[in-house]
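> predicted model, plus sequence, below.
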Amino acid sequence: MIKEAIEYIVGLGNTRVVDIGLQTYSTEKMHLIEDPTPAPLAVHSLSGLVDYISSKFDGSQQVMIHVKSPTRVECFSTYNSDMKRDHFITAEAMLPTFTFDRYYDSENFNIKLQSVFVQNEDRDIMLKVVGNIQEENVRTVGDDGVSQAIQAKVGVATVSMVEVPNPVSLQPYRTFVEVDQPESNFIFRMRKGPECALFEADGGAWELVAMKNIKEYFAAALEEEIEAGQVVVIA
């Protein structure tokens, strides 16, 4: 009895590998020792990512560029023997701050219009309205939910009712500066204070446009590498 117990205990220390069907099993818990991998580089521009790939700094292996969002792009390899990918570099856009669906006082809103939006006709119209508004309550008499009327200077000493433009087509800085900023519609509203706000009105369609613009940027900047099969771009 004692002999059998000792043989059983000794047997517990042995590791056996058994093939069952297409799978391989072991009687001992095993741990994979992974080779250390460097952390991915981080840049804040599309041109920085292009420069890295063009330099072939880490070799000339095939890479994929994934446009994950209007503000983030990742570059990685195909999966290796342990079914993992090597992430080489990430580009994260640095953008000015503007919060939609939030009211700003007229002074700050005026500054944001000039610093966070690309110049176009509707932006200039809004600047004239906001810049000339009187320091009084915004009148909403006859407000139908779309248009509003406010008191604004229309001359050197003249104050009159002015209709607030709505909707407005604007190009805020929402993606990498190397590509065109998507233009989309916004609802422009004003209230007492006076305060101003913009509400997005395109259902997020601008994101698809921005990602398409980024993909086209890489298609032009890395044309040779793409044709040679060294780079694949997806969005």
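Everything's here; your move.
> centre of the chain to stretch 214-225, how far?
From the chain centre to the centre of stretch 214-225 is a distance of 19 Å (Cα atoms, centre = their mean, to the nearest Å).
> kindly report the same for stretch 208-222.
On Cα atoms, centre = their mean, the centre of stretch 208-222 falls 13 Å from that of its chain.
> and for it, what's in contact with it?
With Cβ atoms under 8 Å, 6 or more residues apart in numbering as the test, stretch 208-222 has contacts from 46-47, 50, 53-54, 65, 67, 69-70, 73, 174-176, 178-182, 226, 231, 233-235. C-beta coordinates here come from the backbone N, C-alpha and C atoms, glycine included.
> domains for this protein, by residue range?
Recorded structural domains for the chain (assignment: automatic domain parsing) are 41-94+210-234, 104-202.
> mind checking the end-to-end distance for the first one?
Start to finish, the residues bounding domain 41-94+210-234 are 20 Å apart (Cα to Cα, to the nearest Å).
> could you do the longest one as well?
The first and final residues of domain 104-202 sit 21 Å from each other (Cα to Cα).
> tell me the pLDDT at the residue nearest the centre of the chain?
Nearest to the mean C-alpha position of the chain, counting by Cα atoms, centre = their mean, stands T71 at 2.6 Å. At T71, the pLDDT value in this model is 98.
> hang on, it packs against L46?
No. Look at T71 against L46 with Cβ atoms under 8 Å: they stay out of range, at 11.1 Å.
> any residues in contact with both of the two?
Common contacts of T71 and L46, defined by Cβ under 8 Å, 6+ apart, comprise F176.
> check contacts around P40.
Neighbour list for P40: E74, C75, H87, F88, I89, T90 [criterion: Cβ under 8 Å, 6+ apart].
> in CSV: these, plus distance to D101 and pLDDT.
Putting the contacts of P40 into CSV (distance: Cβ to Cβ, whole Å; pLDDT from 0 to 100) gives the following:
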residue, distance to D101, pLDDT
E74, 29, 96
C75, 34, 95
H87, 34, 89
F88, 37, 92
I89, 34, 95
T90, 29, 96
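> how far off centre is the host helix or strand of I65?
Using DSSP states H and E, I65 maps to strand 63-69. Centre-to-centre, strand 63-69 and its host chain are 12 Å apart (Cα atoms, centre = their mean).
> list the buried residues for the helix or strand that it is followed by?
Of the helices and strands lying after strand 63-69 in sequence (DSSP H and E), the nearest is strand 72-76. If you call a residue buried by 16 or more other Cβ atoms under 10 Å, then strand 72-76 has these buried ones: V73, E74, C75, F76.
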